[in-house]
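**Q** Here is a sequence together with a model predicted from it:
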Amino acid sequence: MAKANLTNYLSLLTFIALSLFLAGCTHFSADPDYSGPLAIPEKTQASYAYHKYQGSYTNKLLEKNSHYTLQQITFPSNHNILQLQHDITIDYYAIDSAEKVPVILVLPIHGGSNKIASSFARYFTEYGFATAVVHRQKKYKEMEYMKQINNIMRQIVFDHKQAIDWIESRSELDASRIGVFGVSMGGIKAALISALDKRVTTGVIALAAGDIPYILAHTDKKTIKKDREILLAERKLSVEEFQQELSEKIECDPINYAQYIDADKTLMILARFDSVVPFHKGEELKEKIGNPEAIYLFSGHYSSIIYLPYVKYQSRKFLQRHLQ
């Protein structure tokens, strides 16, 4: 009897803890009065015209199990605006299916390993999605980042457009059902590609924002903050002057293209105490898109990791609703 009572007590404590945990989240529906995305202007379309990827690639088998076959796909970029030849690398999680399957582009965070992106990719395969993790370009960090940042952001768009070209070449993938998922820098990329490539059907933009000049001038991310402080000291700039200088350089920014994203097919996930990608800038991006469905986490940028299972579940349900 005592053991049964203890089990019931622990179950009750677990239920209470879970309830308090989820009570920290707020979930908002999309704006019912949203009238749809704006068409991409011809000038913007021309600015992002590119040489489509068509050609060979290398294919390396990394893993095979009951859920997926993991292959690493590599091919040279066919469109370069930087003085830098580079390869596009994709970790492709293929699934067995008699019919064409939807595919999700999973876009990694700014630094560290691809563990978080891979975790989401593997999770999505369990529910019938093929997934493709598009690797970051480490070479971009080695460039004069602040001077080249606009062209780096533009090249990121071209790289991901070519990743979608590769998806279109695969007979097992349904190129009419492409989703994107990204967290932090991956979320910024997801916003850009959702706006500028209409082959993307739907997307989840997590812990991301627009107004890159403000983010770089005010983020608490240690590596960026350190580089910023060195640059400000060397050039005797104030934070405001630094932000203004970036504003004059950066055109490729989610906030400038947000109105081309379909709010009805977008889920945003923001952390209320985020100072790495400032929360109020995430809200600005959300409003500029057209107030899509949104989840607010009661956490900061890094502490949002406690919500990982919840974010996976909500993201998967949203993507299923629009892709399956």
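**A** Yep, it's here.
**Q** Next secondary structure element downstream of the top strand by length along the chain?
**A** Counting residues, the longest strand found in the chain (DSSP state E) is strand 173-183. Going down the chain from strand 173-183, the next helix or strand is helix 185-196, by DSSP states H and E.
**Q** which other helices and strands contact that following helix?
**A** strand 101-107, helix 145-168, strand 173-183, strand 202-206, helix 254-257 (3 or more Cβ pairs under 8 Å, 6 or more residues apart in numbering; DSSP states H and E). C-beta here means a position set from N, CA and C on the backbone, and glycine is covered the same way.
**Q** Find out how far the second one is from the centre of the chain, if you would.
**A** In this view, helix 145-168 has its centroid 13 Å away from the chain centroid, taken as Cα atoms, centre = their mean, to the nearest Å.
**Q** Could you figure out how far that helix is turned away from helix 185-196?
**A** 60 degrees (axes from the mean of the first three to the mean of the last three Cα atoms, to 10 degrees).
**Q** Quick check: the residue lying closest to G187 once chain neighbours are set aside vs S47, distance?
**A** The shortest distance from G187 to any non-neighbouring residue, by Cβ to Cβ, 6 or more residues apart in numbering, is to A208 (2.7 Å). Note on A208: its distance to S47, by Cβ to Cβ, to the nearest Å, is 22 Å.
**Q** Could you do F298 as well?
**A** 39 Å.
**Q** Name the residue in the two with the higher neighbour count.
**A** F298 (18 against 14; other Cβ atoms under 10 Å).
**Q** doesn't F279 make contact with that one?
**A** No: assessed by Cβ atoms under 8 Å, F298 is found out of contact with F279, at 11.4 Å.
**Q** what do those two both touch?
**A** 272-273 (Cβ atoms under 8 Å, 6 or more residues apart in numbering).
**Q** Which element, helix or strand, includes L231?
**A** Assigned by DSSP H and E, L231 falls in helix 222-235.
**Q** How about residues contacting that helix?
**A** 111, 145-146, 216-217, 219, 237-239, 242.
**Q** Stretch 238-248 now?
**A** For stretch 238-248, contacts defined as Cβ under 8 Å, 6+ apart pick out 146, 149, 212-214, 216-218, 228, 231-232, 237.
**Q** OK, contacts around the closest residue to Q314 other than its chain neighbours?
**A** Of all residues not flanking Q314 in the chain, I295 sits nearest, at 6.0 Å (Cβ to Cβ, 6+ apart). Counting by Cβ under 8 Å, 6+ apart, I295 touches 25-28, 267-270, 311, 314.
**Q** make it 7 Å
**A** 25, 27, 269, 314 (Cβ atoms under 7 Å, 6 or more residues apart in numbering).
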